[in-house]
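1. Attaching a predicted model along with its sequence, questions to come.
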Amino acid sequence: MTIIRSARLELVSMSADFIEALVEGRREEASRLLGACLPDGWPEAHDERFLRMRLRQLQRNTAAQGWPVRALVLPERGRPMVGHAGFHGPPGVNGAKNPEAVELGYTVFPPYRGNGYAAEAAGALMSWALAEHGVRHFVASVAPGNEPSLAIVRKLGFVQTGEQWDDEDGLELVFQLTP
């Protein structure tokens, strides 16, 4: 699987094998499969549920491998994983129900926040989706009180187009971008 590179990050695809090793507690194997140093204590309960959901998604549709989730890895200093970002799935898998759009998601781990990694990763992912797959429509859903994430989607040029209810996350503001 191709690594997406940005100015400071490598976005490394999380394979089904990696996710399975991670959620089964085989951290050393998971780290080797990813080619990065995993943060202590990760994944926590919320991310473990998320990773199990993505694992099921990949097991059902192996062709979706590049879309769901990528580790954000600093290519120097021991190759630490600083977060993850990706799409909810291939085009059509998005809260806006647009068959041509992909929905973006990202998380930066607390020690690495405030360095612009989420916006950098999101920009790299959108550039990859456009260049490799011709995707020109992007969706992002953000909790109303998540000010850092709201700042990121606005910085990237997203425009709020509505609201939705997510059974796990509650009320979300829906943003869309067509470059």
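-> All right, it came through fine.
2. what about the strands in the protein?
-> 4-5, 10-13, 70-73, 81-87, 101-108, 137-142, 159-166, 170-177 (DSSP state E).
3. gap between the second one and the chain center?
-> The one in question is strand 10-13. Here strand 10-13 is found 10 Å from its chain centre; the criterion is C-alpha atoms, centre = their mean, to the nearest Å.
4. any idea of the mean pLDDT for that strand?
-> Taken as a whole, strand 10-13 has a mean pLDDT of 95.
5. Low-confidence regions, this protein specifically.
-> Scanning the chain for pLDDT under 70 picks out 1, 63-66, 179.
6. In this structure, which residue is most central in space?
-> Ala85 (1.9 Å; C-alpha atoms, centre = their mean).
7. Out of the strands of the chain, which is closest to Leu51?
-> The closest of the strands of the chain to Leu51 is strand 81-87. By C-beta to C-beta, the value is 8.9 Å. To be clear about C-beta, it is placed using only N, CA and C from the backbone, and glycine gets the same treatment.
8. what packs against the closest one?
-> On a contact count with 3 or more C-beta pairs under 8 Å, 6 or more residues apart in numbering; DSSP states H and E, strand 81-87 meets strand 70-73, strand 101-108, helix 117-133.
9. Most tightly packed of these?
-> strand 70-73 (a mean of 25; mean count of other C-beta atoms under 10 Å).
10. just checking, what packs against that one?
-> strand 10-13, strand 81-87, helix 117-133.
11. In TSV: these, plus distance to Phe158.
-> What follows is the helices and strands packed on strand 70-73, written out as TSV (distance: least, C-beta to C-beta, whole Å):
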stretch	distance to Phe158
strand 10-13	19
strand 81-87	14
helix 117-133	9
